[in-house]
Every structure is written in structure tokens, then in C-alpha cells.
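Asks: got a structure for you, letters missing:
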Ligand SMILES: Nc1ncnc2c1ncn2[C@@H]1O[C@H](COP(=O)(O)OP(=O)(O)OP(=O)(O)O)[C@@H](O)[C@H]1O
Ligand SMILES: Nc1ccn([C@@H]2O[C@H](COP(=O)(O)O)[C@@H](O)[C@H]2O)c(=O)n1
């Protein structure tokens, strides 16, 4: 039987990473965080003096960094040129620049090829999370989920994580700006696939979301 491939997309802060890791762990699947890859290439561009607002300069440098993603849901890992990048890719500087870098078509082409080869190399199946997985990266995924949540709920969740570095209102503005950039770009924008199942997480606990997604995957597995 073909391996189970689960695509989880949605706007920022809807719970994609937390849900995807827990679902993969529960079902014994691999896990791929594609947002971490776009963050990693952005971190490399910033660290190497590339103007992230110049698409030509970003495209010229696209093949230079060596980015390697781990696929163990219990131990998410990402390295750039052999260095652990899991901390620096979460900085505010990277978060503010990532939408500009990820809009560059050459960046997307490189990342999508890597995401597809990682999926093909996961014999037991995989959960892949991002913005364009269901439509562009893995259009034949076994199950497609699109997570949503109100802007207020997402901002409250995120600002709790940032230990007060930004107010809830500032966090909400930043999330809305990033979603607008990600939804508005020409190449492979953030969007829900027609055959994706939408799960609104606003009033659900993480455990409830995981339970729902696991049930949807099990249902699909049983009907194959
Ligand atoms: N259903 C939920 N209820 C409450 N908090 C949640 C829920 N799901 C996730 N969270 C919390 O919200 C925060 C954001 O979750 P997570 O990083 O999984 O979202 P994301 O969609 O991957 O975000 P981004 O796209 O910005 O990387 C985390 O602190 C997480 O623990
Ligand atoms: N499939 C994807 C995944 C992510 N992006 C871009 O990366 C940014 C960071 O993603 P996080 O999930 O870590 O917040 C996101 O804002 C997008 O710009 C993407 O383009 N495609």
C-alpha cells in the first residue's frame, strides 16, 4: 500500500507545527517543517549580506546554502552549512524578512524540489506542513488539512511564546502582515486546496485538534 502523506497548511500561528509533530508522532510518520526551510535560507541571506528585498540578489545566491532538515517529529532539526540553525531561524529579524525571500520563484523551486524528494524518501509516510503543500508541493497527498484560527487567538498564542517581547496587538499586526504577503505573492501563495478539510482551531485545545486530524487520517487509511 502507498505510504500515507498528510499535507497541513494554514496561516501563521494556527497550530500547524504543534499539530503536525503530534500527529506524526502518534501515527509513526516522519515530519517535515517547510517553514523552517524558508526561514533557514532567509537566515543565510541575512548572515551573508544579501539584500533580502532584492529578488535578483536572492535568486543569484539561492544555490549557495546547504540546508538539511531532520524528519523525526520528536526531534525537529535544521542545519545550514553544517550549523544548527534551529535557534536563529526563529529570530524577529528572520520572521520579518522571510515572506520577501519565500516569494522569490527560484527560492520556491529549490525548496519544493527538496520537499518532494524528502517525502519520496520517507517510506512509512510523512506529515508535511507549510503554506502551499496541498496545492503545489504534494497535490496528490492522501489527506489535506487547512488549519485556521481567529487573528486574536493566534496573536494570544504567539505573544505567550515571545515572553512579552511584543504586545498582543503588535504580534497580531505582524501576523496579519505576514499572512497578507504570503497570500498575495504570485508564485504558490498561501491558499486552501479545494479538497482540503478546514479545521478551525480557535476554540479547540491542541489535543482536540490532534485528535481530529488523527481521526481524519485513520478514516482515509481505512477507506483505501
Ligand atoms: N489549539 C491550540 N490551542 C492553543 N494553543 C495552541 C493550539 N495550537 C497551537 N498552539 C500554540 O500556539 C503557538 C503557535 O503554534 P504553532 O507554532 O504550532 O503554529 P504554526 O501554525 O506552526 O505557526 P507558524 O506558521 O507561525 O510557524 C504555539 O505556542 C502552540 O503551542
Ligand atoms: N510552504 C511554505 C512554508 C513557509 N513559507 C514561508 O515561510 C514563512 C515562515 O513559515 P513558518 O511556518 O515557520 O511561520 C512563512 O511566513 C512563508 O513566508 C512558505 O512560503 N511556504
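Replies: Alright, I've got the coordinates. Source: prediction; values computed, not measured. Numbering: from 1, shown residues only. Ligands and ions are numbered 1, 2, ... in the order given.
Asks: Could you measure from residue 207 over to residue 18?
Replies: Per C-beta to C-beta, to the nearest Å, residue 207 is found 10 Å from residue 18. All C-beta spots, glycine's among them, are computed from the backbone N, C-alpha and C.
Asks: swap in residue 129?
Replies: From residue 129 to residue 18 the distance is 10 Å (C-beta to C-beta).
Asks: now swap in residue 184 and tell me
Replies: Counting by C-beta to C-beta, the gap from residue 184 to residue 18 is 26 Å.
Asks: Tell me which of the two has more neighbours.
Replies: residue 18 (16 against 11; other C-beta atoms under 10 Å).
Asks: Identify the residues contacting the nearest residue to that one once chain neighbours are set aside.
Replies: Distance criterion C-beta to C-beta, 6 or more residues apart in numbering; nearest residue to residue 18, sequence neighbours excluded, is residue 206 at 5.5 Å. Taking C-beta atoms under 8 Å, 6 or more residues apart in numbering as the criterion, residue 206 is in contact with 15, 18, 19, 22.
Asks: can you redo the residues you listed as JSON lines with pLDDT, distance to ligand 2 and secondary structure?
Replies: Output for the contacts of residue 206, formatted as JSON lines (pLDDT from 0 to 100; distance: C-beta to the nearest ligand atom, whole Å; DSSP: H, G, I helix; E, B strand; the rest coil):
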{"residue": "15", "pLDDT": "97", "distance to ligand 2": "11", "secondary structure": "coil"}
{"residue": "18", "pLDDT": "98", "distance to ligand 2": "11", "secondary structure": "helix"}
{"residue": "19", "pLDDT": "98", "distance to ligand 2": "12", "secondary structure": "helix"}
{"residue": "22", "pLDDT": "98", "distance to ligand 2": "16", "secondary structure": "helix"}
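Asks: buried set for the worst-scoring helix or strand of the chain on mean pLDDT?
Replies: Counting by mean pLDDT, DSSP states H and E, the chain has its least confident helix or strand at helix 151-161, which shows a mean of 87. By neighbour count on 16 or more other C-beta atoms under 10 Å, the buried set for helix 151-161 is 151, 153, 154, 155, 157, 158, 159.
Asks: now swap in stretch 57-74 and tell me
Replies: 58, 61, 62, 65, 67, 69, 70, 71, 73.
Asks: Out of those, which sit inside strands?
Replies: Members of these lying in strands (criterion: DSSP state E): 67, 69.
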